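Q: Next come a sequence and a model predicted from it.
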Amino acid sequence: MNDVYLALGSNLGDRKGNLEKALAYLDGLVGERLRESSVMETEAFGFEGAPFLNMVAAYRTALTPRELLAACKKVEAQLGRKPGEAEYDASGRRIYHDRPIDVDILLFGDMHITEEGLVIPHPGLRDRAFFREPMNEIYEKD
């Protein structure tokens, strides 16, 4: 069993409802939810869009990192996110879009993974306040 930290964000539709539904789906797919942060509102990152509601949830899971990634993608699809390849502009910067839900793996136990489509810890964990602040709120808190 591993403790994992997942970031959830939504900027389309019923943002709070999307976060709540995502947590409920994750509860059924991932394992035991240990704790969750408060919800914070932030500006869209990397594009002009509606503000996001963001939070982090900690789970204890028996899933492998790839199984957890598949579960996150399944939750995104259940809530209406269209799957697709990452897009990049001419200078190589990632192009982001509005979305009903985004579920990212921030940490997976003490693992460090760099594979096609899976990087853990999440490369934006230190730089993005919408990951860092809710993560700090709940990290290893009993």
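A: Alright, I've got the coordinates.

Q: can you give me the strands for this structure?
A: Per DSSP state E, the chain carries strands over the ranges 2-10, 31-36, 40-42, 52-61, 87-88, 94-95, 102-108, 113-115, 118-120.

Q: can you tell me the distance between the two ends of stretch 30-41?
A: From its first residue to its last, stretch 30-41 covers 25 Å (Cα to Cα, to the nearest Å).

Q: How far does it sit from its chain's centre?
A: Distance, stretch centre to chain centre, for stretch 30-41: 11 Å (Cα atoms, centre = their mean, to the nearest Å).

Q: For that stretch, buried residues please.
A: Judged by neighbour count (16 or more other Cβ atoms under 10 Å), stretch 30-41 contains these buried residues: Val30, Gly31, Leu34, Glu36, Ser37, Val39, Met40. All C-beta atoms are positioned from the backbone trio N, CA, C, and that covers glycine.

Q: farthest-separated two in these?
A: Gly31 and Met40 (24.5 Å; Cβ to Cβ).

Q: Give me the residues contacting stretch 23-35.
A: By Cβ atoms under 8 Å, 6 or more residues apart in numbering, the residues outside stretch 23-35 that reach it are 1, 3-4, 6, 8, 36, 57-63, 68, 71-72, 74-75, 78-79, 103, 138, 141.

Q: Likewise for stretch 131-142?
A: 5, 7, 35-38, 40, 54-58, 104, 106-107, 122, 124-126.

Q: List buried residues within those.
A: Buried among those (16+ other Cβ under 10 Å): 5, 7, 36-37, 40, 54-58, 104, 106-107, 122, 124-125.

Q: Excluding chain neighbours, give the residue nearest to Val75 in space.
A: Tyr25 (4.5 Å; Cβ to Cβ, 6 or more residues apart in numbering).
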